[in-house]
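Engineer: sequence and predicted model, in that order:
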Amino acid sequence: MFMLCIAQLGPGLVLVPTVIWMFASGGTASATFLLVCSVFAIGADNVLRPLLIRKGVDLPLLVILVGVIGGLIAFGLIGIFLGPTVLAVGYTLLVAWVAEADGASDVSPTADGRFESEDGQPG
C-alpha cells in the first residue's frame with residue numbers, strides 16, 4: 001500500500017476492493033472498521049500530499065498539482081519529482097519575464113500568483 005501512495009494511485013486502490021470483499025464474505029464488523037479507516041486514509045492522502053509537496057515552495061498549489069500528475073504520466077515514478085521541478089522553473093521564468101516586460105525588475109511572484117516588490121508593496 002505504501003508503494004501505491006508513492007505512485008500517486010493512493011491507498012483506495014487496495015482498500016476499496018478489500019472492504020467490498022470483507023462485506024461479501026460476512027465480516028461486517030471488521031469490514032465496517034476497515035471502511036472507516038479507509039475513508040480516513042484516502043481523505044488524508046488526498047489532502048496531505050499536495051500540502052507536503054507545497055511546503056517550502058513559493059508556488060501556486062495548482063502548478064504543483066499539475067506538475068505532479070503530468071510528470072507521473074509523462075515520466076513515470078521519477079516524474080513525481082521531475083514534473084513539479086520543470087513547471088516551477090518554467091513558472092518562475094515566465095513570472096520574471098512578465099515582470100521585466102512591465103519594467104519592474106525587483107518584482108517577484110507570491111504564492112497566490114500576484115506580484116510583490118522586494119519592499120513588500122504590490123507590484
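Structural biologist: Structure's in. What do you need?
Engineer: low-confidence stretches in this structure?
Structural biologist: Flagging of the chain using pLDDT under 70 yields the residue ranges 1-10, 46, 49-50, 52-57, 104-123.
Engineer: what do you get if the cut-off is 80, keeping everything else the same?
Structural biologist: Residues of the chain meeting the criterion pLDDT under 80: 1-13, 42-59, 61, 64, 76-77, 80-81, 101-123.
Engineer: the helices in it, which residues?
Structural biologist: 2-6, 12-24, 28-54, 61-75, 79-101 (DSSP state H).
Engineer: so what does the fourth one touch, helix or strand wise?
Structural biologist: Translated: helix 61-75. Helix 61-75 is packed against helix 28-54, helix 79-101, with contacts defined by 3 or more CB pairs under 8 Å, 6 or more residues apart in numbering; DSSP states H and E. The way it works is simple: take the backbone N, C-alpha and C, and place the C-beta from them, glycine included.
Engineer: turn the helices of the chain into TSV, columns for mean neighbour count.
Structural biologist: Below are the helices of the chain laid out as TSV (neighbours: other CB atoms under 10 Å):
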stretch	mean neighbour count
helix 2-6	11
helix 12-24	15
helix 28-54	14
helix 61-75	17
helix 79-101	15
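Engineer: show residues contacting stretch 26-39.
Structural biologist: Stretch 26-39 is contacted from outside by 11-12, 15-16, 18-19, 22-23, using CB atoms under 8 Å, 6 or more residues apart in numbering.
Engineer: one more time with 7 Å, if that's ok
Structural biologist: With contact meaning CB atoms under 7 Å, 6 or more residues apart in numbering, stretch 26-39 is reached by 15-16, 18-19, 22-23.
Engineer: quickly name whichever of the residues you listed is closest to residue 77.
Structural biologist: If you rank the contacts of stretch 26-39 by distance to residue 77 using CB to CB, residue 15 comes first, at 21.1 Å.
Engineer: leaving out the residues flanking it, which one is nearest to that closest one?
Structural biologist: Nearest residue to residue 15, sequence neighbours excluded (CB to CB, 6 or more residues apart in numbering): residue 38, at 4.0 Å.
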